[in-house]
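S.K.: prediction below, plus the sequence it came from.
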Amino acid sequence: MSLDERAFFNERPEQRQGRYTCPRCRRENDYAVRWVRRTKKDRVPGNAGDADRARFAKLRDHLLRIDDEVVCKTCGKKFEIPSHHSLLFVDQFEGLPNDAELDAEIAAAERQPAAPPDRSTLPARFTRPSRGWKG
Ligand SMILES: [Zn+2]
């Protein structure tokens, strides 16, 4: 029986700030998002088999995002964190001198796609519901 991946890591909870735009009210706020930093153990656990040892050799330190959604600070509605990066490899940031640069790197990885235009700023003729074309 192979070991759970978590047997290979030391886990440490970590909070990171992320700036997200609410899809409902379009206000941008900073949110504290929970992550777990998984640091590979110094050596393979004693009960590891050959397959586990091979797996262990390939594993990398990483950050795993725990939170999938946040509650909008402006309108109070829950929304999904608009990012596909729920896992970040720590060695992508290796060699960076400090945490501030690490944060900048994560922010870059987390950068959101451009938001669609805000319909409320368009003239009424573009937003007025059209009738009849569906029959
Ligand atoms: Zn909102």
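M.R.: Perfect, thanks for sending it. Residues are numbered from 1 along each chain as shown.
S.K.: okay, how far is it across stretch 30-49, tip to tip?
M.R.: 45 Å (CA to CA, to the nearest Å).
S.K.: at the contact with the ion, which residues of this protein appear?
M.R.: Counting by CB under 5 Å from the ion, the residues of the chain close to the ion are C22, R24, C25, C72, T74, C75. Heads up, the C-betas are built off the backbone N, CA and C, glycines and all.
S.K.: remind me which residues of this protein are low pLDDT?
M.R.: Along the chain, segments meeting pLDDT under 70 span 1, 84, 92-106, 111-135.
S.K.: which residue packs closest to R6, ignoring adjacent ones?
M.R.: Of all residues not flanking R6 in the chain, R38 sits nearest, at 7.9 Å (CB to CB, 6 or more residues apart in numbering).
S.K.: helix/strand/coil for that neighbour?
M.R.: Under the three-state scheme (DSSP: H, G, I helix; E, B strand; the rest coil), R38 adopts strand.
S.K.: for it, list each beta-bridge partner.
M.R.: Beta-bridge pairing of R38 under DSSP bridges involves E11, H62.
S.K.: how about the strands in the chain?
M.R.: Counting by DSSP state E, the chain has these strands, from start to end: 9-21, 28-40, 62-65, 69-71, 78-80, 87-89.
S.K.: mind putting these into TSV with distance to N47 and mean neighbour count?
M.R.: Converted to TSV, those look like this (distance: least, CB to CB, whole Å; neighbours: other CB atoms under 10 Å):
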stretch	distance to N47	mean neighbour count
strand 9-21	15	14
strand 28-40	17	15
strand 62-65	23	18
strand 69-71	37	14
strand 78-80	39	13
strand 87-89	26	14
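S.K.: for F56, which of those is the nearest?
M.R.: Taking CB to CB, strand 28-40 is the member of these nearest to F56, at 7.6 Å.
S.K.: give the ChimeraX command for selecting the buried subset of the residues of the chain next to the ion.
M.R.: Those of these that count as buried under 16 or more other CB atoms under 10 Å are selected in ChimeraX with:
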select :22,72
